[in-house]
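[1] show me how the following folds:
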Amino acid sequence: MDPTIFLVQCLNSLQYGLLLFLVASGLTLIFGIMGVINLAHGSFYMIGAYMAYALAPFVASTLGGGFFTTLALGLVLAVLLGYVLEWAFFSFLYGREHLQQVLMTYGLILVFEELRSILVGDDVHGVKPPDWLAGAIPLGELMTYPVYRLFISAVCLGVALAMWYVLARTRLGMRIRAGATNREMVQSLGVDIKLLYRVVFAAGVALAVLAGMVAAPVSSVYPGMGNQVLIICFVVVVIGGIGSIRGALLAALLIGVAETFGTVLIPQAAGVLVYVLMALILLWKPDGLFRAG
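    From the prediction side, this is the model:
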């Protein structure tokens, strides 16, 4: 393989893996810490992409803002959405059987898809990146690499560092980790576990929405896009270890490498490589790469 092409594929692997981590980290928070199987998590990614498409004209015409204003407004709306959904629906699922969780969250998928169809239709939409990120950097004499893809990687790395700091170095992170280990004990110590879980759920929704918003310019916006990313996110959570943020990061990067290089080197088997990777890792470590933390 040509060195320039190899470098491009490495950058693509990094960008795809980090973006996948951004979506899956929200899922591993909700699934690993709160014990809820949330099939609607992919819908939050779809909502983020449609927010990037629908909010940008509104922000430009009404608020006079640009790309970062759109991201900020989208994140505020995502936190509110997560807070309301946890209060109205998910707070009743703690401790219940997984079948009940699956049925309710699958019902939410249908609701979100119908609302999407009513509000914005069933067409495929493109989202233009900001002008200052629309260029490309030269790689060798013939190839270039989009600046926006590098921006996506930088955003995801920044979020990963922020998550590590919050979970490992702050009092809120200590409470989240303790609540995941022993909910009743944390509640008996005076911590409002309901509010804590509500904050965690809102953060998980915000992470998925952010991933959808930053991915929209490179993936386009189309019906059913959340369902495609949901399956691979569960693979990330299982490989990394349920509830482990660092495990989700490593698993997402491994999947990024497997999918990107698999598509180039053995396109006939590219769709299977991720699941072969999952099977091999689970044979080696049945609980995933890392424990929760």
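[2] show me where this protein has its helices.
    3-28, 34, 41-58, 67-88, 98-120, 147-169, 171-181, 183-188, 193-219, 225-240, 245-265, 270-284 (DSSP state H).
[3] turn those helices into CSV, including mean neighbour count, mean pLDDT and distance to Arg291.
    (Glycine included, C-beta is placed from N, CA and C.) Shown next, in CSV, are those (neighbours: other CB atoms under 10 Å; pLDDT from 0 to 100; distance: least, CB to CB, whole Å):
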stretch, mean neighbour count, mean pLDDT, distance to Arg291
helix 3-28, 22, 91, 12
helix 34, 24, 83, 17
helix 41-58, 24, 93, 21
helix 67-88, 18, 94, 25
helix 98-120, 14, 93, 20
helix 147-169, 16, 93, 13
helix 171-181, 16, 83, 11
helix 183-188, 14, 81, 18
helix 193-219, 23, 93, 18
helix 225-240, 22, 92, 10
helix 245-265, 22, 91, 8
helix 270-284, 14, 89, 14
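[4] in a markdown table, list the ones you listed along with distance to Leu139.
    Below are the helices of the chain laid out as a markdown table (distance: least, CB to CB, whole Å):
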| stretch | distance to Leu139 |
| --- | --- |
| helix 3-28 | 5 |
| helix 34 | 43 |
| helix 41-58 | 27 |
| helix 67-88 | 25 |
| helix 98-120 | 36 |
| helix 147-169 | 11 |
| helix 171-181 | 39 |
| helix 183-188 | 50 |
| helix 193-219 | 17 |
| helix 225-240 | 27 |
| helix 245-265 | 16 |
| helix 270-284 | 23 |
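[5] so which of those helices gets nearest Ala134?
    helix 147-169 (6.8 Å; CB to CB).
[6] mind giving me the packing neighbours of that closest one?
    helix 3-28, strand 136-139, helix 171-181, helix 193-219, helix 245-265 (3 or more CB pairs under 8 Å, 6 or more residues apart in numbering; DSSP states H and E).
[7] run the angle between it and helix 245-265 for me.
    On the basis of axes from the mean of the first three to the mean of the last three CA atoms, to 10 degrees, helix 147-169 is oriented at 160 degrees to helix 245-265.
[8] can I get the CA coordinates of helix 147-169 in CSV?
    Extracted C-alpha coordinates of helix 147-169, given in CSV (Å, rounded to 0.1, in the frame of the first residue of the first chain):
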residue,chain,number,x,y,z
VAL,A,147,-9.9,19.7,7.5
TYR,A,148,-13.4,19.0,8.8
ARG,A,149,-12.5,15.4,9.5
LEU,A,150,-9.5,16.5,11.5
PHE,A,151,-11.9,18.9,13.4
ILE,A,152,-14.2,15.9,14.2
SER,A,153,-11.3,14.0,15.6
ALA,A,154,-10.2,17.0,17.7
VAL,A,155,-13.7,17.5,19.1
CYS,A,156,-14.0,13.8,20.0
LEU,A,157,-10.6,13.8,21.7
GLY,A,158,-11.6,16.9,23.7
VAL,A,159,-14.8,15.3,24.8
ALA,A,160,-13.0,12.1,25.8
LEU,A,161,-10.5,14.1,28.0
ALA,A,162,-13.4,16.0,29.6
MET,A,163,-15.2,12.8,30.4
TRP,A,164,-12.1,11.3,32.0
TYR,A,165,-11.6,14.3,34.1
VAL,A,166,-15.2,14.5,35.3
LEU,A,167,-15.4,10.8,36.1
ALA,A,168,-12.0,10.4,37.6
ARG,A,169,-11.3,13.8,39.3
